[in-house]
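> I would like the atomic coordinates for the input below:
(one chain, ligands or ions: 1)
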Amino acid sequence: MDHDNTSLQNHPAGLASPRCASTTRQAYPCSDDRYPASIGSAIAREPAASFRAVYEELTSRDTPRLQAQRRALALLRDALDAVAGTTDDLPADPQGLDDWMAASAKKATRAYQDYLAQRRAGGPRRFFASRAHALYFLQAVAPTKLVDGSWLFGCLRHARDPRMAGLAQTYLEELGNGDETKNHVLLYRQLLQSHGLNEGAHLADDHFEQGAVQLALGHTTEQMLPEVIGFNLGYEQLPLHLLITAYELNELGLDPYYFTLHVTVDNADSGHACKAVDAVALNASRFPDAGRYWERVRRGYRLNDLGLGTTSIISGFDIGTEVLRIFTAKAVAGAGAHSDYCRIEGRTVNQWLGDPALIGEFQQALVRKGWIVPESDPGQSRFWRPLVGDRAEMFGVFSDYELQVIFDWIRGPQAAADGHRYDAPWPAPRPTRTPTFRAAQRLQEARKARAGDSDTGGSDADGQALLAPGAHWTPQGLEATRSFVAGIRGAQA
Ligand SMILES: [Fe+2]
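Residues are numbered from 1 along each chain as shown. Next up is the predicted model:
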């Protein structure tokens, strides 16, 4: 591929620059020092219905590229406006970035050591009060995790530009270089699947905001390069919450690999964090106004703060509310499916389930009538027994996650703190701790291969489309990634 290293205006052969295409020449001025607001004002406003709508549009392979780009720019204009007046912890001058990165990493690891000391001294888990709480978290952050790395997708077009090679390499490493056991999104999909979690169909719109911002950056590399670089700078630093999350998931017997993987790849020495800092300096000379460039990088950095963060999601968990949500969702299918033989406080189960407004009252009636015995062994609750076991009448109605929530809710916060699995032998023969995930793993002969669909499919006319956030984790996407990586390595040899 013939590639000029002087400007992002030059694209690899066969991949026309979208902003320089004739239809968009007026809308996207081909100057390196563009300001996002002026780009945004040149685009007809066509507000998306929701963050989720943008998210779905930008992950769909059916969305025309220009439409996706227009949508992305409109979203980013609003997002950048939202963070314009906020503050950040970046140094005043980009020269200070190396020291800033070292200090941030040190601060996180010191705080983690303090956390470990507290735990060793008998302190409780800081994030997850129960196994259900941890699973709720994994579910709630799914929309963001399922587009992991997406903000760098557009950097692939410039993979042979030395100034962009580090960012493109970071993206390819997010994709595991096409290795299905290392593709971050695929790992997260498997984590969700293994616990009866889904892609987040039931989640409120604000859960999709951060993912939509990330996808939008990945579609606007040529227009938003400083913001992409700034966002990446923030996302690739090692945060304390990642360390604690991994520790507590493992403690609860949940696979922490997705999180521990990020502790290693984001390291400040030679990992993604280091490449993120290098990208700031490597691309600075494209922008004649250094102050303006740094201001744009900083604004991009602050986009990390949009949407729901780890801490707010964790503190927003209320097990009673989650049980109510689960019951309400099931009531749609359950109304009419029960016999009228059984009445609870004068109403048949079908009558209770037939009116969504009654579900909370139904939940309380089950407690009042002794069908659910709070803060006890769930086996004593008449309601619990039909839900579990091969011959249970309602086996399969609730997912693993939903059963865990109901199980922990019945047991109450004190008992549920032990992290006991709902489907492990119960009651426990003696007070036990849930084996950590790693301990459980050591007991197994070998970890099952993380095998996905073995169909590798055919090739795609547009190889890079298969490396897009909505496709790279599929068998075809993984194969296309491996071919792309081999091409890059071949060119370097
Ligand atoms: Fe990742």
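
> for the ion, see how far away Leu172 is.
The gap separating Leu172 from the ion is 12 Å, by C-beta to the ion, to the nearest Å. Just so you know, the C-beta spots here come from the backbone N, C-alpha and C atoms, and that holds for glycine as well.

> in which helix or strand would I find that residue?
helix 165-174 (DSSP states H and E).

> which residues does the helix or strand that that helix is followed by contact?
Elements were assigned by DSSP H and E; along the chain past helix 165-174, the next helix or strand is helix 184-194. Outside helix 184-194, the residues within contact range by C-beta atoms under 8 Å, 6 or more residues apart in numbering are 138-139, 142, 145-149, 174-176, 180-181, 197-199, 255, 257-258, 261-262, 450, 452, 469, 472-473, 478.

> so Gln69 sits in a helix?
Yes: assessed with DSSP: H, G, I helix; E, B strand; the rest coil, Gln69 lies in a helix.

> surely it touches His219?
Yes: applying C-beta atoms under 8 Å as the test, Gln69 and His219 come out as touching, 5.3 Å apart.

> who's more crowded, these two?
The neighbour comparison of Gln69 against His219 (other C-beta atoms under 10 Å) goes to His219, with 28 against 24.

> nearest residue to that one in space, please, no chain neighbours.
Leaving out its chain neighbours, the residue that sits closest to His219 by C-beta to C-beta, 6 or more residues apart in numbering is Ala72, at 4.0 Å.

> what about that neighbour, neighbour count?
Residues within reach of Ala72, counting by other C-beta under 10 Å, total 24.

> quick check: it vs the ion, distance?
Distance from Ala72 to the ion, by C-beta to the ion: 20 Å.

> quick revisit: among the contacts of helix 184-194, which lie within helices?
Those of the contacts of helix 184-194 mapping onto helices are Leu138, Gln139, Ala142, Lys145, Glu174, Tyr257, Tyr258, Leu261, His262, Leu478, per DSSP state H.

> any idea how far the third one is from the ion?
As defined by C-beta to the ion, Ala142 lies at a distance of 14 Å from the ion.

> and that residue, how many neighbours?
Residues contacting Ala142 under the criterion other C-beta under 10 Å number 22.

> spatially central residue for this protein, please.
In the chain, the C-alpha nearest the mean C-alpha coordinate belongs to Lys145, at 1.6 Å (C-alpha atoms, centre = their mean).

> right, and Thr260 touches Tyr247 too?
No: the pair Thr260 / Tyr247 is not scored as a contact, 9.3 Å apart, by C-beta under 8 Å.

> who's more crowded, these two?
Each of Thr260 and Tyr247 has its neighbours counted (other C-beta under 10 Å); Tyr247 has more, 21 against 18.

> pull out the buried positions in the helix or strand that one falls within.
Element membership for Tyr247 (DSSP H and E) is helix 240-251. Judged by neighbour count (16 or more other C-beta atoms under 10 Å), helix 240-251 contains these buried residues: Leu240, His241, Leu242, Leu243, Ile244, Thr245, Ala246, Tyr247, Glu248, Leu249, Asn250, Glu251.

> distance-wise, check Leu303 relative to the ion.
Using C-beta to the ion, we find Leu303 at a distance of 17 Å from the ion.

> quick one: that residue is in a helix?
Yes: residue state for Leu303 (three-state DSSP) corresponds to a helix.

> check contacts around Phe437.
With contact taken as C-beta under 8 Å, 6+ apart, Phe437 is in contact with Leu249, Asn250, Leu252, Gly253, Leu254, Asp255, Pro256.

> what's the spacing between Ala53 and Val388?
38 Å (C-beta to C-beta, to the nearest Å).

> between these two, which one's more packed in?
When Ala53 and Val388 are compared for neighbours, Val388 comes out ahead with 18 against 15, by other C-beta under 10 Å.

> the stretch 351-493 of the chain: helices as residue ranges?
359-368, 400-416, 437-443, 475-492 (DSSP state H, counting those that start in this stretch).

> in stretch 320-337, what counts as buried?
Buried, per 16+ other C-beta under 10 Å, within stretch 320-337: Glu322, Val323, Leu324, Ile326, Phe327, Thr328, Lys330, Ala331, Gly334, Ala335.

> related to what we said a few turns ago, any idea what sits nearest the residue nearest to the centre of the chain, other than its immediate chain neighbours?
Tyr188 (4.5 Å).

> ok, the one you found - how many residues close by?
The local packing of Tyr188 (other C-beta under 10 Å) involves 24 other residues.

> from Val349, how far off is Ala129?
Per C-beta to C-beta, Ala129 is found 31 Å from Val349.

> show me what from the stretch 51-200 of the chain comes close to the ion.
Residues of the stretch 51-200 of the chain lying close to the ion (C-beta under 5 Å from the ion) are Asp148, Glu174, His184.

> and the last one, how close does it get to Leu191?
In this case it means His184. Distance, His184 to Leu191, by C-beta to C-beta: 11 Å.

> so in the chain, which helix runs the longest?
Max-length helix for the chain by DSSP H is helix 97-120.

> okay, the angle between it and helix 240-251?
Comparing the axes of helix 97-120 and helix 240-251 via axes from the mean of the first three to the mean of the last three C-alpha atoms, to 10 degrees yields an angle of 30 degrees.

> what residues sit buried inside helix 97-120?
For helix 97-120, the neighbour count (16+ other C-beta under 10 Å) marks Leu97, Trp100, Met101, Ser104, Ala105, Ala108, Tyr112, Tyr115, Arg119 as buried.

> dihedrals phi and psi, the closest residue to the fourth one other than its chain neighbours?
This means Ser104. Excluding the flanking residues, the one nearest Ser104 by C-beta to C-beta, 6+ apart is Gln237, at 5.5 Å. Taking degrees, to the nearest 10, you get phi -80, psi 160 for the backbone angles of Gln237.

> any idea how many residues pack against Gln237?
Gln237: 22 surrounding residues under other C-beta under 10 Å.

> begin at 56 from now on, thanks
Done: numbering now begins at 56, and the last item shifts to Gln292.

> that one reaches Lys162, doesn't it?
No: applying C-beta under 8 Å, one finds Gln292 not in contact with Lys162, separated by 10.2 Å.

> mind putting the residues of the stretch 106-255 of the chain next to the ion in a markdown table, pLDDT, neighbour count and distance to Asp395 included?
Listed next are those as a markdown table, based on pLDDT from 0 to 100; neighbours: other C-beta atoms under 10 Å; distance: C-beta to C-beta, whole Å:
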| residue | pLDDT | neighbour count | distance to Asp395 |
| --- | --- | --- | --- |
| Asp203 | 96 | 21 | 49 |
| Glu229 | 94 | 24 | 54 |
| His239 | 95 | 22 | 50 |
